[in-house]
Every structure is written in C-alpha cells, then in structure tokens.
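Enquirer: pasting the structure only:
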C-alpha cells in the first residue's frame with residue numbers, strides 16, 4: 001500500500017461478465033514514464049497519451065475487453081470525451097489522465113458504457129483496491145499478477161507492480177500492460 005495512490009476495479013459492461021474497468025488515482029501529480037509498442041500500428045490510447053504525457057499524471061483509466069486499436073481518430077476522440085467526464089468527477093484536468101486498453105482489436109470503446117461507470121469507479125477508489133484493479137485489467141490471464149515490496153533507506157519505502165500477461169499467438173501482437181508505483185523519491 002502506497003500512501004496517496006488509490007485503486008479501483010469494477011464490472012462496467014465492456015465485457016459480458018467480470019471486472020473490466022480499472023482506475024489508478026494519485027492524490028498529487030505523479031511523474032510517469034511509459035514504454036509503448038514498437039509496432040507501427042498503435043492503439044488510440046498510445047496516440048492520446050503521447051500528446052499529454054508531459055503533464056504530471058493524476059489518474060490512469062484502464063479497460064479490458066476492447067483494445068481501441070485500429071479505430072482511427074474516432075478512438076482518440078472517445079478518449080477525450082471519457083477523459084473530460086472523468087476529470088470533472090475527480091477534480092483534475094483532462095490532460096492529467098492517461099489511458100490503457102486491452103482486448104478485441106478493431107472495435108471502438110463503448111464510450112457511453114464507460115462514461116456511465118465513471119462515478120461508480122471513482123467512488124470505489126481506495127488505497128487497498130489493488131486486487132480489484134488487477135482483476136479488471138485481465139483478458140485471457142488466469143490469475144492476477146501483483147507484487148508489493150517494502151524496503152528501507154533513510155526511511156521506509158514501497159514499490160508495487162501489477163500487470164496483465166500476453167496471451168496472443170504472436171508476441172509482437174500481444175498486449176502486456178504493467179504498472180509500477182513507488183513512494184521512493186530517489187534519495188536513499
């Protein structure tokens with residue numbers, strides 16, 4: 001558990017059953033580093049995130065069940081709409097929200113479904129919500145992948161990682177989402 005970082009995961013209706021929408025919220029702006037695919041075909045969230053990534057992040061919204069890949073400008077516009085609604089709910093700027101998606105390729109996000117679920121997921125945010133978040137980002141995974149470690153320096157620090165694995169036939173087409181958060185400031 002990292003103070004100031006909250007997680008949530010809910011069933012929003014993107015998939016027929018199970019958790020499919022995850023949210024990470026940072027009470028204060030967080031510096032974010034991202035590594036994206038080297039494939040020439042990139043999903044909408046990658047194009048969107050690259051334009052706003054220079055701002056400190058306050059939230060990351062992750063969905064499973066729909067990759068929002070090969071959806072053109074419409075896929076990016078959907079993220080802008082969802083981001084505007086989520087920003088209003090969280091009290092942050094739209095540019096402070098990043099996105100990640102995994103699932104079926106060539107299908108646009110069900111933006112209205114996601115927007116309807118935003119008040120619920122924001123209301124479920126808690127520092128102990130990592131388990132539901134880890135389940136919400138899974139696609140073909142059979143179990144959630146989470147690790148948390150506490151270590152000592154001049155004080156006690158924490159690092160937590162959560163990811164969803166790649167289950168597609170060709171690894172160059174596979175989706176792996178991984179999120180690592182820490183309260184380590186770089187000063188031992």
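Expert: Structure's in. What do you need? Because the structure is a prediction, the values reported are computed rather than measured.

Enquirer: hey, let's count contacts and neighbours off CA atoms from now on
Expert: Fine.

Enquirer: Residues in contact with stretch 78-85: which ones?
Expert: Contacts made with stretch 78-85 from outside it, assessed by Cα atoms under 8 Å, 6 or more residues apart in numbering, are listed as 44-45, 48, 93-95, 97, 99, 109, 111, 114-115, 118.

Enquirer: Centre of the chain to it, how far?
Expert: In this view, stretch 78-85 has its centroid 14 Å away from the chain centroid, taken as Cα atoms, centre = their mean, to the nearest Å.

Enquirer: sec struct for the spatially most central residue of the chain, please.
Expert: Ranked by distance to the mean C-alpha position of the chain (Cα atoms, centre = their mean), the top residue is residue 62 at 3.2 Å. Using DSSP: H, G, I helix; E, B strand; the rest coil, the structure places residue 62 in strand.

Enquirer: my read: it touches residue 101, true?
Expert: Yes: proximity of residue 62 to residue 101 meets the contact threshold set by Cα atoms under 8 Å, at 5.6 Å.

Enquirer: Could you point out which residue ranges in the chain have low pLDDT?
Expert: Counting by pLDDT under 70, the low-confidence segments of the chain come to 53-54, 166-174, 186-188.

Enquirer: and the gap between the residue lying farthest from the centre of the chain and residue 185?
Expert: Residue farthest from the centre of the chain, counting by Cα atoms, centre = their mean, is residue 154 at 30.9 Å. When Cα to Cα, to the nearest Å is applied, the distance between residue 154 and residue 185 equals 11 Å.

Enquirer: buried set for the longest helix that the chain contains?
Expert: Longest helix in the chain by number of residues, with DSSP state H as the criterion: helix 72-90. Of all the residues in helix 72-90, those buried under the rule 16 or more other Cα atoms under 10 Å are 75-76, 78-80, 82-87, 90.

Enquirer: just to revisit the earlier point, now, the most widely separated pair of the contacts of stretch 78-85?
Expert: Taking every pair in those and measuring Cα to Cα, the maximum separation is 21.3 Å, between 93 and 109.

Enquirer: Could you check which of the two is surrounded by more residues?
Expert: Neighbour totals were compared for residue 93 and residue 109, and residue 109 leads with 26 against 16 (other Cα atoms under 10 Å).

Enquirer: does that one count as helix, strand or coil?
Expert: When classified by three-state DSSP, residue 109 comes out as coil.

Enquirer: Strands along this protein, start to end?
Expert: Secondary structure of the chain (DSSP state E): strands at 5-10, 21-30, 57-66, 97-104, 145-152, 156-164, 177-182.

Enquirer: Mind listing what's buried along the fifth one?
Expert: Buried residues in strand 145-152, counted by 16+ other Cα under 10 Å: 145-146.

Enquirer: picking up where we left off before, by neighbour count, which of the contacts of stretch 78-85 wins?
Expert: Tallying neighbours with other Cα under 10 Å puts residue 97 at the head of those, with 28 neighbours.
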